[in-house]
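**Student:** What follows is a predicted structure for the sequence shown.
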Amino acid sequence: MSITMSPVVKRPRAFLGISFYEQDKAVKQWFESILRVCGFEVVTAERSEHIELGEKIRRKIRSCDVACFVLTPRDKIADSGNWLPPSWIQGEIGIAYDSDRRIAVLVEEKVEVKGIIPSIEDYTPFSRGHLNEDTHLVLASILSLRFPVLQDAIETLLNQSELAPLIVIKALRRIASRVANLRRMKATLPVCPVVSLIQNQRPILILARGRTDGILEDSTWVVSRSRVLGEQAIEELVGTVRVVHLQDRLAQAVFDDWAEENKMKEAFDDYTPDGTSRKLQDWEARAEDPDFLPNSSVSDIDNFVRMIDELVPVI
C-alpha cells in the first residue's frame, strides 16, 4: 500500500524590523502574529545585533522574501511631543531597499519619519492602544507584500485567539470585498468625468457618477486630463483622489497628497470670480486597482468572502 504525502508548502519569509525593548514586547508579538496570519515565516534580528549592523543582519534580510518595519518611540525629541524610532532601524530599511526587497513600513503615532523612508516608501500609521481597530490598515499594508493562500490564512486566524480573530477576519473580508468592488467598477465604468473643483478648506473634486453608479465611497481614482500639443494628443496624469462622500448624482473626492493637489491647481486658471467652483474641461478619472491581492481574480475574492461567511456567519 502506497502512502500519498501532502506536498510541503514553503512559506515566504518576512524580516521583521522592530524594537526588542521590554516596553514594546506586546507590540512585537502582535505584529509577529499578524505576519504569521498572512502566511509568512517571521525572521527577526537578535537583540545583541542591534548594536551594530553587521554582515549577519544583511544575510538575514537578504534571506527573506520581503521586509516589514515597525517604528516605535525610542528617543524623545527636545521641545516636542514627538519621538524618534530606534536608530538602527533606518540602517535595516536601507539594507532591505538596497537588496531590492518589497517593504512595508508601519509607524506608531507621534513617531517622526525621517531619513530614507519618505523617499522610498509610503507608511501606515497605527496606535498601540488601538491595534485591533487599526487591523484593516495594517493588513492592507502587509497584504501588499503578499496575499497568502486564503484557506491557510483563515485556518491560522481561527487558531490565533490572542489576535481577536473575528476582528481580523472582518478586516480581511472588508479589504477583499473592496478590491472586488473596485475591479468590477473598472470593468463596468472605466472612466468618469471630473465636473468641477470646489474651493473649501481643501479643494474638493466633484466627480460625475455614471448611470451604473460605479463610484464607491472610499474608492481611489487616478485623475488625468487630455491635452493637444501640435498634432499630438497626450494624457497628463495629475494625481490620485479618494472619494469621501456620495450624493445622488455626484461624488466628492479629495487629494491625499498636497503636492498632487497643488499640481492640479497649477494645471488650470484661477477660480471663478465668486471663488467657489470652476468647471473643468477634458478631465477624467479612472478607478485605481489596489496593489494588494495582485494575483486574485474577482471570483477568487468573492469565494474568499463566501468562505468567511460560512466559517463565521455572524461577524
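**Tutor:** It's in. Numbering: from 1, shown residues only.
**Student:** And for A26, the neighbour number?
**Tutor:** 11 (other Cβ atoms under 10 Å). For glycine as for every other residue, the C-beta is placed from the backbone atoms N, C-alpha and C.
**Student:** Can you list the buried residues in stretch 177-192?
**Tutor:** 178-186, 189, 192 (16 or more other Cβ atoms under 10 Å).
**Student:** Could you export it as PDB, keeping only the C-alpha atoms?
**Tutor:** Presented in PDB, the C-alpha positions along stretch 177-192 are these (Å, rounded to 0.1, in the frame of the first residue of the first chain):
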ATOM      1  CA  SER A 177     -14.700  43.000  -0.700                       C
ATOM      2  CA  ARG A 178     -13.500  46.500  -1.500                       C
ATOM      3  CA  VAL A 179     -11.000  45.200  -4.000                       C
ATOM      4  CA  ALA A 180     -13.600  43.000  -5.700                       C
ATOM      5  CA  ASN A 181     -15.900  46.000  -6.000                       C
ATOM      6  CA  LEU A 182     -13.200  48.200  -7.400                       C
ATOM      7  CA  ARG A 183     -12.400  45.600 -10.100                       C
ATOM      8  CA  ARG A 184     -16.000  45.300 -11.100                       C
ATOM      9  CA  MET A 185     -16.200  49.100 -11.200                       C
ATOM     10  CA  LYS A 186     -13.200  49.300 -13.500                       C
ATOM     11  CA  ALA A 187     -14.900  46.800 -15.900                       C
ATOM     12  CA  THR A 188     -18.300  48.500 -15.900                       C
ATOM     13  CA  LEU A 189     -17.400  52.100 -15.500                       C
ATOM     14  CA  PRO A 190     -13.700  52.500 -16.600                       C
ATOM     15  CA  VAL A 191     -13.700  56.300 -16.600                       C
ATOM     16  CA  CYS A 192     -15.900  59.200 -15.300                       C
END
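**Student:** sorry, back to before: out of the buried residues of stretch 177-192, which are inside helices?
**Tutor:** 178-186 (DSSP state H).
**Student:** Looking at these, which is nearest E288?
**Tutor:** Taking Cβ to Cβ as the measure, E288 sits nearest to L182 out of these, at 7.6 Å.
**Student:** Now the closest residue to S19 other than its chain neighbours: phi and psi?
**Tutor:** Leaving aside its chain neighbours, S19 sits nearest to T72 (4.8 Å; criterion: Cβ to Cβ, 6 or more residues apart in numbering). The phi/psi pair for T72 (degrees, to the nearest 10) reads phi -110, psi 160.
**Student:** Hmm, T72 is touching E22, no?
**Tutor:** No - counting by Cβ atoms under 8 Å, T72 sits too far from E22 to count as a contact (12.0 Å).
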